[in-house]
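K.L.:
Sequence and computational prediction follow.
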Amino acid sequence: MASNRPIIAIAGLACETSGFTPSRTLAPAFHPLRGNEEIRGKYSFIQAGSPLSNAAEWHGALIGHALPGGTVRRSAYEELAGEILTANSTGCGSTSTAPCVEGIDDAEFDLLRRVRAVIGPNVIVSASMDLHGNVSRELVHQTDLITCYRTAPHIDVMETKERACRNLVELLTRSSSGISSPLRPLKAWVPVPILLPGEQTSTRLEPAKHIYEAVPEVEKREGVLDAAIWVGYAWADEPRNRAAIAVTGWDQNTIGRGAEHLAQLFWDAHREFAFVAPTGSFAECIDAALKSAARPYFISDSGDNPTAGGSGDVTWGLTQLIARPEFQREDGPTVIYASVPGPQAVQKAIDAGVGAIVTVTAGAEVDNIHAGPITMTGKVHSIKQGDKHAEVEVVLQVGSVFAILTKLRKPYHLERDFTELQLAPRDADIVIVKIGYLEPELYNMAADWMLGLTPGGVDQDLERLGHHRIRRPMWPFDKEFKEQPDLSARIIPMSNMPLEGPDE
């Protein structure tokens with residue numbers, strides 16, 4: 001017997017991509033998953049026996065999530081997008097996000113435009129995104145449902161994906177007055193001329209805390225299906241880069257007022273956003289750590305953060321660190337530094353073995369704008385094989401610094417990332433990580449911390465990066481506005497209706 005359950009395809013690409021690093025992201029970096037078994041296995045909320053699983057027939061097309069990095073090669077995008085289009089040729093809804101791509105200013109819109117050409121205008125599309133995405137008017141129009149995370153650091157990733165799927169199922173099964181086809185919602189979209197890094201917009205702290213706490217309150221209003229706020233992604237340079245609001249629902253006046261309320265909250269607080277921790281130059285951070293009794297003391301080497309799009313192989317921070325006389329003796333303050341890629345250095349350490357003294361050169365193979373390769377002599381402390389991102393990791397002790405070297409770049413967010421390398425971060429004096437705001441495990445581990453304003457492809461000093469294609473005026477690039485920004489809601493018609501008027 002044929003099933004009358006809706007058929008839903010799951011597809012998408014995700015990667016935060018900095019336009020200010022020379023690195024490029026290739027197709028294998030997305031670690032693509034294909035087909036029902038691989039993709040459904042990622043999401044517990046659609047696995048056998050769950051309410052959503054029984055509510056629809058779920059078909060895995062292709063999903064890929066790359067570690068943030070440089071702009072995606074056009075050939076890589078075409079390869080992966082082509083697979084998505086082929087898999088969606090049966091005509092199904094999809095959840096989808098996409099990264100910045102060579103030669104394409106709005107890759108999310110481009111991917112959905114291509115999907116629409118295959119599935120047609122009447123198939124329902126739901127999208128879930130990172131709140132650090134950039135959401136254009138055209139993208140909102142291509143979707144029927146669109147939502148994003150509500151926490152930064154992101155602790156609601158699966159909750160958001162489940163909400164996107166649940167909303168989609170509800171929409172597909174909705175009927176009115178005997179009409180069998182689903183009713184499509186309207187969307188209210190408001191662009192907000194603010195472009196800030198995540199390190200100034202953590203939802204753990206004000207003012208982002210109260211702004212994001214208002215999202216579920218808007219969602220509860222009669223006639224509203226979903227509400228979302230995007231902070232935007234600050235290290236790309238495209239006309240769509242800015243904050244945005246989208247409220248989805250059935251009543252035009254209600255969704256419009258809800259979107260304008262959230263936009264006004266955001267704009268009213270634009271001068272209040274500040275870094276999530278005390279900041280300073282790298283030297284100032286180290287000086288503060290040495291003077292402090294708090295242990296472990298964490299320092300973010302933020303300019304080359306690989307989870308924001310940095311290349312990960314900038315050597316500037318490690319070079320500055322091992323040059324400090326305080327750390328040149330083995331009995332100096334214990335410092336852990338994570339990390340610098342250096343495949344040849346890693347292989348040399350493996351060949352020598354744990355306990356051997358080696359001289360190796362690492363880093364700056366991709367990004368040598370701020371510093372060249374670093375050469376160090378030290379003792380091989382530990383070796384680990386088989387990491388998903390790094391593949392191979394080596395710890396080299398140079399004086400009292402335990403420097404983590406990797407075959408491929410890797411973010412260090414978890415305590416086990418260190419303990420599996422025979423390192424004890426809780427017992428260290430200083431832990432330096434290429435990161436922006438501390439991820440939850442690091443945040444809970446740190447007795448104190450500072451955000452180092454260091455150079456790199458995701459420099460926290462946005463104004464020295466050289467944006468030239470973003471819309472102006474834009475806070476904080478412009479400190480004074482001649483007039484208040486237009487925060488009125490733009491009502492986006494249903495996706496199967498034409499989008500008229502100029503882009504805003």
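P.N.:
Cool, the structure landed.

K.L.:
and the closest residue to His468 other than its chain neighbours, what pLDDT?
P.N.:
Leaving aside its sequence neighbours, His468 sits nearest to Asp237 (Cβ to Cβ, 6 or more residues apart in numbering; 6.7 Å). Every C-beta, even on glycine, is put in place using the N, C-alpha and C of the backbone. Listed pLDDT for Asp237 reads 95.

K.L.:
ditto for Cys92
P.N.:
42.

K.L.:
ok, now Asp503?
P.N.:
At Asp503, pLDDT is 69.

K.L.:
quick one on the thing from earlier: what sits against the residue nearest to His468?
P.N.:
For Asp237, the contact set (Cβ atoms under 8 Å, 6 or more residues apart in numbering) comprises 19-20, 466-470.

K.L.:
In PyMOL, how would I select just the buried ones from those?
P.N.:
Applying 16 or more other Cβ atoms under 10 Å to these, the buried members can be selected in PyMOL as follows:
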select buried, resi 19+20+467+470
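
K.L.:
what's the distance between the strand ranked longest in the chain and the middle of its chain?
P.N.:
Across the chain, the strand with the greatest residue count (assigned by DSSP state E) is strand 374-387. Chain-centre distance of strand 374-387: 29 Å, with Cα atoms, centre = their mean, to the nearest Å.

K.L.:
same thing with stretch 251-264?
P.N.:
Taking mean C-alpha positions (Cα atoms, centre = their mean), stretch 251-264 and its chain are 26 Å apart.

K.L.:
pLDDT on that stretch, on average?
P.N.:
pLDDT averaged over stretch 251-264 gives 98.

K.L.:
Could you list the residues in contact with that stretch?
P.N.:
Looking at what lies outside stretch 251-264 - Cβ under 8 Å, 6+ apart - the contacts are 186-190, 192, 211, 214-215, 218, 221-224, 227, 229, 245-249, 487-489, 491.

K.L.:
Would you list the buried entries among those residues?
P.N.:
Buried, going by 16+ other Cβ under 10 Å: 186-190, 192, 211, 214-215, 218, 221, 224, 227, 229, 245-249, 487, 489, out of the contacts of stretch 251-264.

K.L.:
Of those, which belong to helices?
P.N.:
Using DSSP state H, the subset of the buried ones among the contacts of stretch 251-264 located in helices is 211, 214-215, 218.

K.L.:
Which of those sits closest to Leu321?
P.N.:
Nearest to Leu321 among those: Ile211, at 36.7 Å, using Cβ to Cβ.

K.L.:
I'd assumed Phe266 was in contact with the closest one.
P.N.:
Yes - counting by Cβ atoms under 8 Å, Ile211 touches Phe266, with 5.6 Å between them.

K.L.:
Quickly list what's touching both of the two.
P.N.:
Common neighbours of Ile211 and Phe266 (criterion: Cβ under 8 Å, 6+ apart): Ile229.

K.L.:
hmm, back to that, would you list the ones in helices among the buried ones among the contacts of stretch 251-264 in CSV and tack on distance to Tyr437?
P.N.:
Shown next, in CSV, are these (distance: Cβ to Cβ, whole Å):
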residue, distance to Tyr437
Ile211, 16
Ala214, 21
Val215, 20
Val218, 25
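
K.L.:
pLDDT and distance to Leu438 for those residues - can I get that in a markdown table?
P.N.:
Converted to a markdown table, these look like this (pLDDT from 0 to 100; distance: Cβ to Cβ, whole Å):
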| residue | pLDDT | distance to Leu438 |
| --- | --- | --- |
| Ile211 | 98 | 21 |
| Ala214 | 98 | 25 |
| Val215 | 98 | 24 |
| Val218 | 98 | 29 |
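
K.L.:
Out of those residues, which is nearest to Val458?
P.N.:
Nearest to Val458 among those, with distances taken as Cβ to Cβ, is Ile211, at 22.9 Å.

K.L.:
in the protein, which segments are predicted with low confidence?
P.N.:
In the predicted model of the chain, residues 1-3, 88-98, 175-182, 502-503 satisfy pLDDT under 70.

K.L.:
quick one: the strands in the stretch 301-450 of the chain?
P.N.:
When secondary structure is read from DSSP state E, counting those that start in this stretch, the stretch 301-450 of the chain shows strands at 335-341, 357-362, 374-387, 391-398, 401-406, 430-433, 448-452.

K.L.:
tally of neighbours for the nearest residue to Gly223 once chain neighbours are set aside?
P.N.:
With Cβ to Cβ, 6+ apart as the criterion, Gly223 has its nearest non-adjacent residue at 3.1 Å, and that residue is Asp251. Counted by other Cβ atoms under 10 Å, the residues lying close to Asp251 total 15.

K.L.:
List phi and psi for the residue nearest to Ser495 when sequence neighbours are not counted.
P.N.:
Once flanking residues are discounted, Ser495 sits nearest to Asp144: 5.2 Å by Cβ to Cβ, 6+ apart. Backbone geometry at Asp144, expressed as degrees, to the nearest 10, gives phi -100, psi -30.

K.L.:
quick one: Asp144 from Phe45, how far?
P.N.:
20 Å (Cβ to Cβ, to the nearest Å).

K.L.:
Those two: which is more packed in?
P.N.:
Counted by other Cβ under 10 Å, Asp144 and Phe45 do not tie: Asp144 has more neighbours, with 26 against 15.

K.L.:
is it true that the more buried one touches Glu170?
P.N.:
No - Asp144 is beyond contact range of Glu170, at 11.6 Å (criterion: Cβ under 8 Å).

K.L.:
any idea which of the contacts of Asp237 is the one closest to Glu365?
P.N.:
Nearest member of the contacts of Asp237 to Glu365, counting by Cβ to Cβ, is Phe20, at 17.6 Å.

K.L.:
Quick check: closest non-adjacent residue to the closest one.
P.N.:
Take Phe20 and drop its neighbours on the chain: the residue closest to it by Cβ to Cβ, 6+ apart is Gly457, 4.7 Å away.

K.L.:
For the residue lying closest to Ala345 once chain neighbours are set aside, name its beta-bridge partners.
P.N.:
Leaving aside its chain neighbours, Ala345 sits nearest to Val360 (3.5 Å; criterion: Cβ to Cβ, 6+ apart). When assigned by DSSP bridges, Val360 has beta-bridge partners Met376.

K.L.:
one step back: residue contacts, the residue nearest to Phe20?
P.N.:
Residues counted as contacts of Gly457 (Cβ under 8 Å, 6+ apart) are 18, 20-23, 70, 235, 303-304, 309-311, 314, 367.

K.L.:
let's see 7 Å
P.N.:
18, 20-21, 235, 304, 309-311, 367 (Cβ atoms under 7 Å, 6 or more residues apart in numbering).

K.L.:
Could you pull up phi and psi at it?
P.N.:
phi -70, psi -10.

K.L.:
Pull the number of nearby residues for the residue lying closest to Phe282 once chain neighbours are set aside.
P.N.:
Nearest non-adjacent residue to Phe282, counting by Cβ to Cβ, 6+ apart: Gly452, 4.8 Å away. Gly452 has 25 neighbouring residues, counting by other Cβ under 10 Å.

K.L.:
thought Asn305 was touching Tyr437?
P.N.:
No - the criterion here is Cβ atoms under 7 Å, and Asn305 misses it with Tyr437 at 9.5 Å.
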